[in-house]
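Asks: can't give you the sequence, but here's the structure:
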């Protein structure tokens with residue numbers, strides 16, 4: 001049997017974490033799930049870990065782990081999220097690679113990926129190198145072995161990127177058939193590909209790089225991939241198998257039909273697509289029609305003898321080279337045909353400007369702390385994989401000629417975090433979709449905002465206004481969204497967190513949650529030093545002091561707070577640090593007496609006067625806690641509304657039935673009252689107005 005099959009799934013979601021909290025906050029567009037990671041895990045990543053194969057009667061015959069038989073890659077930032085939030089799915093993915101090694105002659109099916117899915121040919125040399133170093137280290141940490149091959153984000157490729165892969169001892173990558181420029185067989189002449197003339201995707205190829213190194217390239221079958229992604233080929237497992245087998249030419253030489261698509265195709269983009277995949281894998285597992293394999297095993301058995309050259313600066317999802325991530329090239333995801341993507345270039349230009357302004361600042365300041373700041377950045381992946389105090393200490397000890405303590409330690413970590421976010425802001429999804437105001441683009445703006453904030457903490461002067469001027473050149477298609485400057489002001493600056501804002505969150509949340517003396521709030525630790533509450537009717541007053549510590553940079557502060565809740569959404573809070581312990585204790589005692597005497601207005605004046613530099617409201621809560629508090633607040637309000645509605649409905653139900661019998665429209669207020677009551681025999685059968 002000389003016929004081999006390999007199906008590759010590129011499983012990836014952009015990092016979605018709030019850059020200041022290192023956690024994914026609620027995303028309403030993913031409803032009914034908390035966020036898009038949760039939704040796609042439920043629809044794709046988890047089903048592929050336990051996919052059902054049905055018998056002829058529709059009963060479950062087997063449950064299989066699809067990851068054990070296909071080739072796949074997972075984005076490192078997605079794996080980090082899965083490890084924390086969905087550990088059972090995470091373990092199944094790792095187990096899939098382990099099982100594939102047993103199945104495919106010791107070759108694991110998992111491939112590595114540059115860390116946060118930036119477009120490698122558009123990145124500068126330092127960022128490319130760090131992205132690959134981080135991606136390979138992350139892979140080895142998780143899968144317990146070195147990667148044989150790597151998936152390039154969007155298959156975006158140039159020779160410099162392939163040189164980096166080869167220098168890292170990676171044996172192969174996967175490209176679209178449209179990315180091959182020309183090919184020649186052993187001892188033959190070069191053949192150039194133009195237009196619809198594409199490379200034969202059933203053979204492996206070798207590329208001889210300018211350095212003299214070689215790397216193997218696999219070109220996936222574009223027609224079958226298109227059928228899987230867009231032509232409902234997954235509606236039938238039988239059709240899927242038949243179409244895969246049609247990809248073999250009519251000769252007896254070793255051939256590999258290989259298909260690469262977004263992994264989310266199997267279950268998220270196509271419901272039950274994972275079942276079509278597992279059915280196809282089962283039908284093919286007998287080896288009668290073709291033998292399942294992965295790229296590493298096929299490469300070992302059949303080293304390439306055909307030589308290939310690539311079309312540089314191309315990708316699988318853009319017909320215009322790399323335009324999708326920098327120009328208004330015409331590639332988009334549908335929507336209003338009047339829209340344009342002229343915002344892409346100004347956005348990239350603004351980020352390039354920020355990156356290039358931060359790099360020399362990092363190099364100079366980092367040179368005072370690290371033996372080599374750029375080597376330290378490459379090695380910082382060890383901290384991202386393990387942020388325990390022991391791991392951080394070991395990293396700093398290995399990167400500095402002296403022991404870093406106190407402010408120097410904080411400064412060193414802030415410098416590296418600044419660089420991390422300066423790379424995260426290039427995550428490819430920020431440019432992929434239709435408009436500047438999309439959640440993916442707002443996300444990369446937030447990463448730029450975090451890098452900017454860290455720079456402002458570390459260095460004199462500010463780059464903010466210059467960055468905003470550049471972002472102003474990027475215009476949304478939506479008049480109400482405005483420009484990049486407007487989006488930065490509206491979505492980035494309010495999301496930014498510092499220790500006073502964290503203290504305000506803690507103060508407000510403490511009225512609705514009983515915190516222990518030491519608690520964690522996202523990536524911060526809070527040690528309660530003092531805390532006292534007072535109650536008068538529905539009003540509550542809380543005052544205290546706490547020490548707040550960033551678990552990312554080690555930055556800390558002791559802050560005092562006071563919060564007054566009148567009921568519902570009416571709340572005022574303040575944060576400050578200008579008292580001694582004795583002075584603050586006296587203030588708490590005096591303000592508490594005033595509150596208990598019933599003079600709430602005076603308490604408000606005292607809080608305003610003492611915390612004038614930092615005032616807050618219920619809006620200061622982080623989004624998930626804000627939703628939780630609002631749910632608690634709304635619960636009693638909704639109970640009152642529903643009780644009033646029931647009384648109104650009970651009093652006027654006969655009239656509504658009479659109106660209905662006469663074909664007279666029921667007034668909207670009465671319809672609203674009826675709509676808030678459960679259906680029953682006495683409910684009028686009216687149609688609601690839109």
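Replies: Structure received. Please read these numbers as outputs of a predicted model, since none were measured by experiment.
Asks: Contacts only, for the residue nearest to residue 442 when sequence neighbours are not counted.
Replies: Closest residue to residue 442 apart from its sequence neighbours, by C-beta to C-beta, 6 or more residues apart in numbering: residue 491 at 5.0 Å. All C-beta atoms are positioned from the backbone trio N, CA, C, and that covers glycine. Residue 491 sits next to 442, 445-446 when contact means C-beta atoms under 8 Å, 6 or more residues apart in numbering.
Asks: can you put those residues in CSV and add distance to residue 507 and secondary structure?
Replies: Listed next are the contacts of residue 491 as CSV, based on distance: C-beta to C-beta, whole Å; DSSP: H, G, I helix; E, B strand; the rest coil:
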residue, distance to residue 507, secondary structure
442, 28, helix
445, 29, helix
446, 24, helix
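Asks: Neighbour count, pLDDT and distance to residue 669 added to these, as JSON lines?
Replies: Listed next are those as JSON lines, based on neighbours: other C-beta atoms under 10 Å; pLDDT from 0 to 100; distance: C-beta to C-beta, whole Å:
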{"residue": "442", "neighbour count": "18", "pLDDT": "97", "distance to residue 669": "39"}
{"residue": "445", "neighbour count": "24", "pLDDT": "98", "distance to residue 669": "44"}
{"residue": "446", "neighbour count": "24", "pLDDT": "98", "distance to residue 669": "43"}
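Asks: separation between the residue nearest to residue 442 and residue 441?
Replies: 10 Å (C-beta to C-beta, to the nearest Å).
Asks: and what of residue 222?
Replies: Residue 222 is 28 Å from residue 441, by C-beta to C-beta.
Asks: which of these two has more neighbours?
Replies: More crowded of residue 222 and residue 441, by other C-beta atoms under 10 Å: residue 441, with 26 against 17.
Asks: What sits closest to the more buried one if chain neighbours are left out?
Replies: The shortest distance from residue 441 to any non-neighbouring residue, by C-beta to C-beta, 6+ apart, is to residue 430 (4.8 Å).
Asks: Just the pLDDT at the one you found, thanks.
Replies: With respect to pLDDT, residue 430 has a value of 97.
Asks: Show the contacting residues for it.
Replies: So residue 430 contacts 14, 347, 440-441, 443-445 (C-beta under 8 Å, 6+ apart).
Asks: In the residues you listed, find the pair that's most separated.
Replies: With C-beta to C-beta as the measure, no two of these lie farther apart than 14 and 347, at 15.1 Å.
Asks: higher neighbour count, those two?
Replies: Neighbour totals were compared for residue 14 and residue 347, and residue 347 leads with 25 against 21 (other C-beta under 10 Å).
Asks: Correct me if wrong: that one contacts residue 441.
Replies: Yes: counting by C-beta atoms under 8 Å, residue 441 is a contact partner of residue 347 at 7.2 Å.
Asks: Can you pull the residues that touch both of those two?
Replies: With C-beta under 8 Å, 6+ apart as the test, residue 347 and residue 441 both reach 430-431.
Asks: mind checking how far the strand or helix carrying the residue nearest to residue 441 is from the chain centre?
Replies: According to DSSP states H and E, residue 430 maps onto helix 429-432. Distance, stretch centre to chain centre, for helix 429-432: 12 Å (C-alpha atoms, centre = their mean, to the nearest Å).
Asks: Name the residues of that helix that are buried.
Replies: Across helix 429-432, burial judged by 16 or more other C-beta atoms under 10 Å covers 429-432.
Asks: Check stretch 398-412 too.
Replies: Going by neighbour count (16+ other C-beta under 10 Å), the buried part of stretch 398-412 is 399-400, 404, 409-412.
Asks: With stretch 128-144 instead?
Replies: Buried residues in stretch 128-144 (16+ other C-beta under 10 Å): 128-139, 142-143.
Asks: rounded to a whole number, what's the mean pLDDT of it?
Replies: 98.
Asks: and what of stretch 262-272?
Replies: 93.
Asks: To what extent is the residue lying closest to residue 65 once chain neighbours are set aside buried, counted in neighbours?
Replies: Closest residue to residue 65 apart from its sequence neighbours, by C-beta to C-beta, 6+ apart: residue 96 at 5.2 Å. The number of residues packed near residue 96 is 21, by other C-beta under 10 Å.
Asks: same check, this time on residue 189
Replies: Residue 189 - counted by other C-beta under 10 Å - has 7 other residues nearby.
Asks: to the chain's geometric centre, what's the distance from the lengthiest helix in the chain?
Replies: Longest helix in the chain by number of residues, with DSSP state H as the criterion: helix 623-661. Centroid separation for helix 623-661 versus its chain: 38 Å, with C-alpha atoms, centre = their mean.
Asks: by contact count, what packs against the helix or strand following that helix?
Replies: From helix 623-661 onward toward the C-terminus, using DSSP H and E, the following helix or strand is helix 668-675. Here helix 668-675 is seen to pack against helix 623-661 when contacts are counted using 3 or more C-beta pairs under 8 Å, 6 or more residues apart in numbering; DSSP states H and E.
Asks: for the helix it packs on, packing partners?
Replies: Short answer (3+ C-beta pairs under 8 Å, 6+ apart): helix 623-661 packs on helix 499-510, helix 668-675.
Asks: would you list every one of the helices in the stretch 301-450 of the chain?
Replies: Taking DSSP state H, counting those that start in this stretch as the criterion, the stretch 301-450 of the chain carries its helices at 344-367, 373-379, 381-385, 389-399, 406-424, 429-432, 439-458.
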